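Peer 1: Build me a model from this:
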Amino acid sequence: MGKRGDGEGQGQGARGSMRARAVAGVLALVTALGFAPGLTAQQGGVATDSSGARPGSVWWSVGGGSGSVRIACDSCADGRDPGLVLHLGVGATAHEMLDVGLEVGRWSNDDAGVGQTSTRLDVRTVFRPLSGLGFNLIGGVGWIGYSAGELDFSSVAVSAGAGWDISIANRWRVGARVLTDLASYGSIVSTRLGDESTDVNISVARLELVLGRR
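Peer 2: Below is the predicted model of the structure:
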């Protein structure tokens, strides 16, 4: 009986060891299946972030909010003029952390019956250093124009800022961003008198709510 009991004990121990190995194997398989899509995407040269964006996929955004414009020159009045801002952007995802594209924006204001507008067109980059957390750094370079009554201004401009967005459904995202557009050493021309003021700087500060698909 003692030998039989030892055999049963050894058999139970073997079966327990087999069950343990089987459970470990199942866990390993589940883990492997969980990581397989990410590994396959990386090996295939395709990466995705939490929003499902893939390199080459099209993104777009639209937004609006408040902004202010300041014109700086020798004969310009000091201070900033508030107004409304709108933008529309479209481009492609170059990397899971980088979007590139084009953006057009407009600022408008009515100052004592004189309409003021600022229009810009630039190449836009959105860098997401913390993938999945929604924080992004924004930069751009392009052209900006300004008009107020008979005055016109245009110059090369740069943009910089930061934003934050979250995924709400599928590839849809909502968020907010703060940016500054700056153009230096441009010229303001009077379309009626033909006068020109040189070394004019213009800055546009913007706070926008953004809806996009990425």
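Peer 1: so where does the spatially most central residue of the chain fall, helix or strand?
Peer 2: Nearest to the geometric centre of the chain sits V126, at 4.2 Å (Cα atoms, centre = their mean). Element membership of V126, judged by DSSP states H and E, is strand 114-127.
Peer 1: just checking, next helix/strand downstream of that strand?
Peer 2: Reading on from strand 114-127 to the C-terminus, the next helix or strand found by DSSP H and E is strand 135-148.
Peer 1: is the closest residue to V210 other than its chain neighbours in a bridge, and if so with what?
Peer 2: Spatially, and ignoring its direct neighbours in sequence, V210 is nearest to G63 (3.8 Å; Cβ to Cβ, 6 or more residues apart in numbering). In this view, the C-beta of every residue, glycine as well, is placed from N, C-alpha and C. Listed beta-bridge partners, G63: H87, V210 (assigned using DSSP bridges).
Peer 1: any idea how far G63 lies from A72?
Peer 2: Distance of G63 to A72, given as Cβ to Cβ, to the nearest Å: 26 Å.
Peer 1: more neighbours, the two?
Peer 2: G63 (22 against 12; other Cβ atoms under 10 Å).
Peer 1: Same question for stretch 176-189: list its buried residues.
Peer 2: By neighbour count on 16 or more other Cβ atoms under 10 Å, the buried set for stretch 176-189 is R177, L179, D181, L182, A183, G186, I188, V189.
Peer 1: Please, which helix or strand holds the second one?
Peer 2: Spelled out, it's L179. Per DSSP H and E, L179 falls inside strand 172-190.
Peer 1: What residues does the residue lying closest to W107 once chain neighbours are set aside make contact with?
Peer 2: Among residues not flanking W107 along the chain, S118 sits closest, at 4.2 Å (Cβ to Cβ, 6+ apart). S118 makes contact with V69, R106, W107, S108, I144, G145, Y146, I202, V204, according to Cβ atoms under 8 Å, 6 or more residues apart in numbering.
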